[in-house]
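Chemist: Sharing a model prediction with you, sequence too.
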Amino acid sequence: MRAVIQRVSQASVTLNNQNDLRTIAAIRTGLVVLLGVGATDTTEDADYLSDKILRLRLFPDVFGKMNLNISEIGGSLLVVSQFTLYADCRKGRRPSFDRAARPEAAVKLYDYFVEVLRRSPIPVETGVFQAMMEIQLVNQGPVTIVLDSADRRTSSPATPAAE
């Protein structure tokens, strides 16, 4: 699974159904999570990413240092499915999406991922799986982080990072 995470001061999802614009989800301070599901992903990938996202220290403390997680600041999550995170643009000019999960499998893992997040005390809003959506957000910082569950299977960098 791949996730692009953006720290926001506000965000919303709007559906455009035959020129009928309707906001279906909105958050204030928190994280927007654009989630792509790969063809070989499992619930272990969803568990890994959900835990990582809930614990990431992306919000400033009183000294302005990114030291607080979403729970500590009372934030919310907005999760939106985005299969295009698995675009392969190495050949030609049109992206290939062969590494993305088929919709039937992807929706199950997407729903599972959202359910895991909803077990936490963090409010979770979502887009609509496979719908054409308009996402509006105000990126704070800007702070944008890319996570890939495949990284859990690789060795960590040689230089120690601050916990």
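Modeler: All right, it came through fine. Residues are numbered from 1 along each chain as shown.

Chemist: only C-alpha atoms for contact and neighbour calcs from this point on.
Modeler: OK.

Chemist: Spell out which helix or strand contains the residue nearest to the spatial centre of the chain, please.
Modeler: Among the residues of the chain, the one closest to the centroid is Val33, at 2.1 Å (C-alpha atoms, centre = their mean). Under DSSP states H and E, the secondary-structure element containing Val33 is strand 30-36.

Chemist: Tell me the gap between the following helix or strand past that strand and the middle of its chain.
Modeler: Proceeding C-terminally, strand 30-36 gives way to helix 43-55 as the next helix or strand, assigned by DSSP H and E. Between the centre of helix 43-55 and the centre of its chain there are 10 Å (C-alpha atoms, centre = their mean, to the nearest Å).

Chemist: Can you name the residues in contact with stretch 14-32?
Modeler: With contact meaning C-alpha atoms under 8 Å, 6 or more residues apart in numbering, stretch 14-32 is reached by 4-13, 70, 75-80, 125-127, 131-135.

Chemist: sorry, back to before: extract the CA atoms of the strand holding Val33 and return them as PDB.
Modeler: The C-alpha coordinates for strand 30-36 follow below in PDB (Å, rounded to 0.1, in the frame of the first residue of the first chain):
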ATOM      1  CA  GLY A  30      -5.500  16.900  10.600                       C
ATOM      2  CA  LEU A  31      -4.200  14.700   7.900                       C
ATOM      3  CA  VAL A  32      -5.400  13.900   4.400                       C
ATOM      4  CA  VAL A  33      -4.400  10.400   3.400                       C
ATOM      5  CA  LEU A  34      -4.400   9.500  -0.300                       C
ATOM      6  CA  LEU A  35      -4.300   5.700  -0.300                       C
ATOM      7  CA  GLY A  36      -3.300   3.400  -3.100                       C
END
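
Chemist: Can you list the buried residues in the strand or helix carrying Tyr110?
Modeler: Here Tyr110 sits within helix 103-118, counting by DSSP H and E. Judged by neighbour count (16 or more other C-alpha atoms under 10 Å), helix 103-118 contains these buried residues: Ala105, Ala106, Val107, Leu109, Tyr110, Tyr112, Phe113, Val114, Leu117.
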